[in-house]
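> Next comes the sequence, and after it the predicted model I'd like to discuss.
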Amino acid sequence: MDLPAAETADWLTAEDLVREGFRRSRVVIMNEAHDGHRRCVRTRTVGRRVLPAAMESGARLFAMEALGPPGGAEPGNESPYLAQPEMALLIESARQLGFTLAGYEAEIQRAPADLLRDTHAMPFTNWRERRQAENLLALLHKAPATDRVLVWCGNSHLRKTPHGEWSPMGYWLQELGGPEPFAIDQVVTVDYGEAANALSGVMLNRYGPILESRGGEVGVILDARLRADLGVDAVLLSNDNRME
């Protein structure tokens, strides 16, 4: 994979990526890294940091997978992530800035019975991805047409291209008639441990000096070929990639 040359790439901050994303699309999707109860705190801290840039760009709705289905999760089924302190700070910061918060997670009880027999299998995964996109579209249709929307998801739901048998939420959002979102992947360098992405080491090796010279975090908008390969529009690289 031919990655951007370190010497010629147009390096941006996370805030710059969000501003550019909203210049290109009504919807910007950004992800966090989590795996079970483990998470990369940095990804949520960056999320809190870019909220003012999103608000300045016209975003008024903050749609979050962790908030559950539209209307909220049923009592007892709330995401455990909501109790983690940096997630609570992210949500409270959004509220203080004046965002409307809404969940878009799939309503698991609505899944066909045959899919519920194995919720780790690809048919259920694809149903969940599509249902998330349907819920997002409903939120978009309810919001004023002039309002931009910041979407917060986990891991790779933001991808806009299929990967093997898997069709992510970002792909379905367009397939179902929604706007093409601008997708910012900030988990590409995260250390997931045994499930580590091979691309993480490649990027850290290639861009290590740039990261060191720019405070440990840099973003870049990808060219068309890399956008097609990775399914996202931009990546945010970091030296803080711990899962805890």
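Ah, there it is.
> any idea of the mean pLDDT in the longest helix seen in the chain?
Ranked by residue count, the top helix of the chain under DSSP state H comes out as helix 122-142. In this model, helix 122-142 has a mean pLDDT of 98.
> And the next helix or strand past the lowest-mean-pLDDT helix or strand in the chain?
Sorting the helices and strands of the chain by mean pLDDT, DSSP states H and E puts helix 198-213 at the bottom, at a mean of 90. Where DSSP states H and E defines the elements, the next helix or strand beyond helix 198-213 is strand 217-221.
> Who are the packing partners of that next one?
Strand 217-221 sits against helix 14-24, helix 198-213, strand 234-238, with contacts defined as 3 or more Cβ pairs under 8 Å, 6 or more residues apart in numbering; DSSP states H and E. Every residue, glycine included, has its C-beta placed from N, CA and C.
> helices and strands around the least confident helix or strand of the chain, which ones?
Counting by 3+ Cβ pairs under 8 Å, 6+ apart, helix 198-213 packs on strand 217-221, strand 234-238.
> among the ones you listed, which is nearest K142?
strand 234-238 (27.5 Å; Cβ to Cβ).
> and the helices and strands packed on strand 217-221 as JSON lines, adding distance to E134 and mean neighbour count?
Below are the helices and strands packed on strand 217-221 laid out as JSON lines (distance: least, Cβ to Cβ, whole Å; neighbours: other Cβ atoms under 10 Å):
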{"stretch": "helix 14-24", "distance to E134": "22", "mean neighbour count": "20"}
{"stretch": "helix 198-213", "distance to E134": "30", "mean neighbour count": "14"}
{"stretch": "strand 234-238", "distance to E134": "25", "mean neighbour count": "24"}
